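>>> Output the structure for:
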Amino acid sequence: MVAGFGAGFVNAIAGGGSLISFPALLFSGLPAVTANATSTVALWPGSLASVWAYRSYILIQRRQAVSLALPSLLGGLLGSILLLHTPEKAFRVLVPYLILLACALLILQGPIARWVARRSKVNPKRTSSALWMVQFLISDYGGYFGAGIGILMLAAIAIFLPEDLQSANALKSFFAMLINGIATIYFILVRAADLPTSGVMASASILGGYMGAHAAQHLSPGLLRALVVAFGLLVALHLLMTP
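Numbers count the residues shown, from 1 in each chain. Sure thing, here's the model as predicted:
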């Protein structure tokens with residue numbers, strides 16, 4: 001419950017909420033694969049809320065949103081299938097490194113956002129096939145683990161579709177909703193997630209997201225991001241040192 005609230009709160013201000021929800025589920029005793037699937041299902045309602053908030057921007061960018069919906073769905077589904085075909089022991093070995101990768105991406109969020117803002121002033125040649133493949137690969141990672149996909153998508157949008165930061169964030173939120181949505185449906189259908197836990201955490205994350213949206217007016221996203229990264233690093237270190 002507390003982890004769900006914290007994840008929703010952090011996502012609303014700085015991003016990286018799964019770095020709170022996933023370790024909490026892991027330390028509660030759930031197997032690593034189940035914890036990851038449960039976290040994805042629990043946090044998906046927050047994606048819907050973000051899309052609703054950005055709906056006007058998404059409508060303006062509907063051509064790009066529609067053109068990249070398919071690679072987002074296909075990649076998200078493939079990643080979630082790959083997750084469930086990864087042996088539990090192997091995934092547990094990967095977990096600390098995936099968390100470290102997510103921490104690195106979170107650290108880069110600020111510089112990437114500033115870069116996106118600068119790139120919006122230029123108009124390079126659009127390479128739709130390359131962007132399609134990049135989005136598919138990012139979505140594949142998103143369905144498999146997910147933490148940090150928003151930052152990766154911001155970078156891809158900056159390279160191939162230079163938009164203002166708000167429009168880039170809107171597209172990122174839409175694609176994240178699709179990626180996590182298809183993964184959520186798959187995890188529920190194959191009973192890979194702990195649904196009672198997901199339900200409780202989802203309710204708490206919605207409340208946390210609402211509170212976080214109001215707190216964002218007074219809290220520094222950079223400071224909160226730094227705290228989340230520090231927590232993630234401690235979790236990764238603990239997992240690396242635990243036999």
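>>> Next secondary structure element downstream of the lowest-mean-pLDDT helix or strand in the chain?
Lowest on mean pLDDT, DSSP states H and E among the helices and strands of the chain sits helix 109-119, with a mean of 70. Downstream of helix 109-119, the next assigned helix or strand under DSSP states H and E is helix 128-144.
>>> which secondary structure elements does that next one contact?
helix 69-84, helix 149-160, helix 165-189 (3 or more CB pairs under 8 Å, 6 or more residues apart in numbering; DSSP states H and E). C-betas here are computed from N, CA, C, even on glycine.
>>> what's in contact with stretch 198-213?
Residues from elsewhere that reach stretch 198-213 (CB atoms under 8 Å, 6 or more residues apart in numbering): 1-13, 17, 21, 25, 38-39, 41-46, 49.
>>> actually stretch 71-82, not the one I typed
With CB under 8 Å, 6+ apart as the criterion, stretch 71-82 contacts 37, 40, 132-133, 135-145, 175, 178-183, 186-187.
>>> May I have the distance across stretch 187-204, first residue to last?
20 Å (CA to CA, to the nearest Å).
>>> tell me which residues of it are tucked away?
187, 192-194, 197-198, 201-204 (16 or more other CB atoms under 10 Å).
>>> any idea which element Ala147 lies in?
Going by DSSP H and E, Ala147 is not part of any helix or strand.
>>> That one contacts Val95, correct?
No - the pair Ala147 and Val95 fails to qualify as a contact (CB atoms under 8 Å) at a distance of 10.8 Å.
>>> which one of those two has more residues nearby?
Ala147 (25 against 21; other CB atoms under 10 Å).
>>> Leu83 touches Gly142, doesn't it?
No - in this structure, Leu83 is not within contact of Gly142 by CB under 8 Å, at 10.7 Å.
>>> Neighbour count for those two, which is higher?
Between Leu83 and Gly142, Gly142 has the larger neighbour count (other CB under 10 Å), namely 29 against 22.
>>> residues contacting the more buried one?
Taking CB under 8 Å, 6+ apart as the test, what Gly142 contacts is 75-76, 79, 149, 176, 179-180, 183.
>>> repeat that with 6 Å
76, 149, 179 (CB atoms under 6 Å, 6 or more residues apart in numbering).
>>> same thing with Val93?
Val93 neighbours (CB under 6 Å, 6+ apart): none.
>>> Tell me the secondary structure at it.
Assigned state for Val93: helix (three-state reduction, DSSP: H, G, I helix; E, B strand; the rest coil).
>>> repeat for the one 3 residues further on
Under three-state DSSP, the three-state class of Pro96 is helix.
>>> ok, back up a step: buried only: go through the contacts of stretch 71-82 for me.
Buried among the contacts of stretch 71-82 by 16+ other CB under 10 Å: 37, 40, 135-136, 138-145, 175, 178-183, 186-187.
>>> wait, isn't Leu131 in contact with Phe160?
Yes - counting by CB atoms under 6 Å, Phe160 is a contact partner of Leu131 at 4.0 Å.
>>> before we move on, the earlier item: give me the lowest-pLDDT entry from the contacts of Gly142.
Within the set of the contacts of Gly142, pLDDT is lowest for Ile149 (81).
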